[in-house]
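> compute the structure for the input listed below.
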Amino acid sequence: MSKTLAKPTPRKKESVNDLCQAMDQIAPLGLAQSWDNVGLLLGDPRQPLKRTLLCIDLTPAVLKEAIRLKMNAILAYHPPIFKPLNRLVANTAEMTSLVWECARNNIAIYATHTALDAAEGGANDVLAAMCGLKKTEPLEYVDQPGNAACKIVTFVPEKAVHTISNAVFAAGAGHIGDYSHCSFSSQGQGSFIGQESTTPSVGKRGKFEMVDEIRLEFVAPKRKLSTVIAALRQTHPYDEPAFDIYPLQPKPVTGIGRIGKLLRPITLEKLAEKLKRELKANCVQFVGVPLQNIERIIVVVGAAGSLPFKIPLGKRDAIITGEIRHHDALAFNRIGCGAIALNHWTSERPILTSLAKRLTEELPVVTFEISSADEEPFQRVK
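Numbering: from 1, shown residues only. The predicted structure follows:
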């Protein structure tokens, strides 16, 4: 008796689009700063994806490595394309020449930058954990992308509540998180006088009327507002239904930067030494009193800019960042707080290890490698 062998399950083939979707789960593009250029910058979303190289910067050495390792995509922290391009020319000193070589070798480019800065578990969270922070909050929050909504309030006879509710739900209203058909109703009385041109379904025109009504409330996405209102009008028994529309403020989500308190104070100098050692940094500089005890830390990977100045700073605070402008260093000295500059690249590089791990969990059939050619551009004098 012959035995039928089960056919092997075909191995799932991933594409560049799968990488884009995985990254939008890890670091949603809506979290990026408005000036930033993130997402898929080069390539065909349908292109098969087997190998991806992670780096902070796309450099000639990184591109050479990607070609040698036969990578299908480069996931760069900093966007290689930042401003609109006028030309793509090979063999020049411009970044556009590297982009051209990626296109010629069929290597897609994805950039994450400030989206990964702001995301939970992103670049700021990784550096904050290295500082010893267990619990942090963002320095600023951003509106939840794609969730613009409004609340609609209308007033209907009790017998029409279910008919109108079902109609607006079918049109896209009444969704709150994972729940559908959400509404609220309360009893009250409405009054009106219908003019000669009206045909009231309750009472008589020209006469003051008081009727029992239900106040019906539900939420709806702004993009579906016209459809929901049309459904309300079509099913409402009144010839001129009354309704109000209230815009809703989206629930804020995590944003750029992190702030938190240390479990135990540490001097500014010891904190700088700890970070230099753990990051294997070429050069770490600090602003402030070396033996000053630090209790609260503000983390901004890359360049801090004006972000730390948006909160009150004190003598027990330290800003941890990649680079600090001269005049900002003078301002920190006047305030009396500490600041540590790790170098821009060095402050951001730690995120690549955890990012590669998370992407491997999302896309297990794709190989994710961290570039060994990606290096700190500043060298230390020996």
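> in contact with the residue nearest to residue 268 when sequence neighbours are not counted: list those residues for me.
Distances taken as CB to CB, 6 or more residues apart in numbering put residue 338 closest to residue 268, at 4.1 Å, once the chain neighbours are dropped. C-beta: built from backbone N, CA, C; applies to glycine. Residue 338 makes contacts with 268, 271, 286, 287, 288, 289, 292, 294, 317, 318, 319, 332, as judged by CB atoms under 8 Å, 6 or more residues apart in numbering.
> so which of those sit within strands?
286, 287, 294, 317, 318, 319 (DSSP state E).
> per-domain residue ranges of this structure.
Taking automatic domain parsing as the domain assignment, the ranges for the chain are 14-118, 123-142+255-347, 149-249.
> list the buried residues of the strand ranked longest in the chain.
Assignment by DSSP E gives strand 208-221 as the longest strand of the chain. Neighbour counts over strand 208-221 (16 or more other CB atoms under 10 Å) mark 211, 213, 214, 216, 218, 219, 220, 221 as buried.
> so what's the residue nearest to residue 268 bridging to?
Counting by DSSP bridges, residue 338 forms beta bridges with residue 318.
> for it, give its distance to residue 112.
Distance, residue 338 to residue 112, using CB to CB, to the nearest Å: 29 Å.
> repeat for residue 95
Computed as CB to CB, the residue 95 to residue 112 distance reads 17 Å.
> of the two, which one has the most company?
The residue with more neighbours, out of residue 95 and residue 112, is residue 112; 28 against 17, by other CB atoms under 10 Å.
> state the number of residues packed around the nearest residue to that one once chain neighbours are set aside.
With sequence-adjacent residues excluded and distances taken as CB to CB, 6+ apart, residue 112 is closest to residue 27, at 5.2 Å. Residues within reach of residue 27, counting by other CB under 10 Å, total 26.
> next, the contact list for residue 27, please.
Residue 27 neighbours (CB under 8 Å, 6+ apart): 112, 115, 116, 118, 119, 122.
> re earlier: show me the one of the domains of the chain that comes nearest residue 368.
The stretch from those with the least distance to residue 368 (CB to CB) is domain 14-118; that distance is 5.2 Å.
> so residue 237 sits against residue 158, correct?
No. Using CB atoms under 8 Å, residue 237 is not in contact with residue 158, being 11.1 Å away.
> out of the two, which sits in the more crowded spot?
residue 237 (14 against 11).
> what about the more buried one, which SS state?
Put simply, residue 237 is coil when judged by DSSP: H, G, I helix; E, B strand; the rest coil.
> got a pLDDT number for it?
Among the per-residue scores, residue 237 holds a pLDDT of 92.
> list the residues that contact it.
Residue 237 neighbours (CB under 8 Å, 6+ apart): 156, 157, 160, 201.
> how many residues are close by residue 164?
There are 24 residues near residue 164, going by other CB under 10 Å.
> ok, and the closest non-adjacent residue to it?
That would be residue 235: by CB to CB, 6+ apart, it lies 4.9 Å from residue 164.
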